[in-house]
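**Student:** Okay, here's the prediction I keep looking at, along with the sequence it came from:
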Amino acid sequence: MTDLDLVEQALRIIRRSDERGVPLRLLGGLAVRVSSPSAVSHERLLRSYADIDLVGLSRDRWRIKELFLELDYVPDERFNALNGRTRLIFYPPDGERHVDIFLDRFQMCHSVDLRQRLFPGYLTLSMADLLLTKLQVVETNVKDMQDILAILLDHQVCTGENPEMIDIAYLGKLASSNWGLYTTINDNLQCTTEDMVNFLNAEEQAKVKTRVEEIMKILDETPKSIAWQMRSKIGRRMEWYELPDEVSR
């Protein structure tokens, strides 16, 4: 199965889910490919894709299961029985490249609540949420950095939701109540400005640098909660993240 086949498969699932009134939105690297032209056209940002990642609502989990059965997908019975309240896995008829569905939250190094973020008419999560799912990774790899750069290269920042832009006010609000998330995002933005020289030309670097600076500025300027301030006093002496285990299939 080619990457293009994988994209078509993902879009077919999302369109069918919308027809059924069961919102599912694409996330992960494939979502970046769908929403950011540079992920397809920029030679240094090209990458491969292992599977389809979606997010839905836990209240719809039984309807999601019915939808995938209608599409001839095979459930991972053991995994779904153990994790079905937060996550589901299905396999296409050919058994290649599974579909991983997060319910309500994206839980990796940090937990991101997405229950109010499945916007009507969108194929993917919002650009801010897509960027956030990459910036919350503590141990980023080359593919993560390629996705971060593709998003920042192709999408301007704004304050307020826009399907083609990165809502930095939303990012600032999330980080202002969670010192750990704030710290990981800042660390990765710093890494982005350092690593982008390996992927982008000078003009592209200038564009990304400006957008990184705008994000970091609003992260710093957004008023912090009392919980954030208290956790900041402990700082890095205590771990502020979790390292997720790979899904065992």
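**Tutor:** Received, thanks.

**Student:** which other residues reach the strand or helix carrying residue 65?
**Tutor:** Per DSSP states H and E: residue 65 is located in helix 61-70. Helix 61-70 is contacted by residues 13, 16-17, 20, 22, 24, 56, 75, 80, 84-85, 88, 90, 99, 101, 103 when judged by Cβ atoms under 8 Å, 6 or more residues apart in numbering. All C-beta spots, glycine's among them, are computed from the backbone N, C-alpha and C.

**Student:** Can you tell me which of those residues are buried?
**Tutor:** 13, 17, 22, 24, 56, 75, 80, 84, 88, 90, 99, 101, 103 (16 or more other Cβ atoms under 10 Å).

**Student:** which strands and helices sit next to the strand or helix carrying residue 233?
**Tutor:** According to DSSP H and E, residue 233 maps onto helix 226-234. Here helix 226-234 is seen to pack against helix 179-195 when contacts are counted using 3 or more Cβ pairs under 8 Å, 6 or more residues apart in numbering; DSSP states H and E.

**Student:** which helices and strands does the helix it packs on pack with?
**Tutor:** Using 3+ Cβ pairs under 8 Å, 6+ apart, the elements in contact with helix 179-195 are helix 127-135, helix 142-154, helix 168-176, helix 202-221, helix 226-234.

**Student:** Pull the third one out as CSV, backbone CA atoms only.
**Tutor:** Put plainly, it is helix 168-176. Extracted in CSV, the C-alpha atoms of helix 168-176 (Å, rounded to 0.1, in the frame of the first residue of the first chain):
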residue,chain,number,x,y,z
ILE,A,168,-1.5,30.6,19.1
ALA,A,169,-4.0,32.0,21.7
TYR,A,170,-5.3,28.5,22.1
LEU,A,171,-1.7,27.2,22.6
GLY,A,172,-1.0,29.9,25.1
LYS,A,173,-4.2,29.1,27.1
LEU,A,174,-3.3,25.4,27.4
ALA,A,175,0.3,26.0,28.4
SER,A,176,-0.7,28.7,31.0
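
**Student:** just how off-centre is that helix within its chain?
**Tutor:** 15 Å (Cα atoms, centre = their mean, to the nearest Å).

**Student:** Okay, angle between it and helix 127-135 too, please.
**Tutor:** 40 degrees (axes from the mean of the first three to the mean of the last three Cα atoms, to 10 degrees).

**Student:** Could you pull out the buried residues of helix 168-176?
**Tutor:** Buried-residue list, helix 168-176, by 16+ other Cβ under 10 Å: 168, 169, 170, 171, 172, 174, 175, 176.

**Student:** now do stretch 174-190
**Tutor:** 174-186, 188-189.

**Student:** Closest to residue 32 out of these?
**Tutor:** residue 188 (15.0 Å; Cβ to Cβ).
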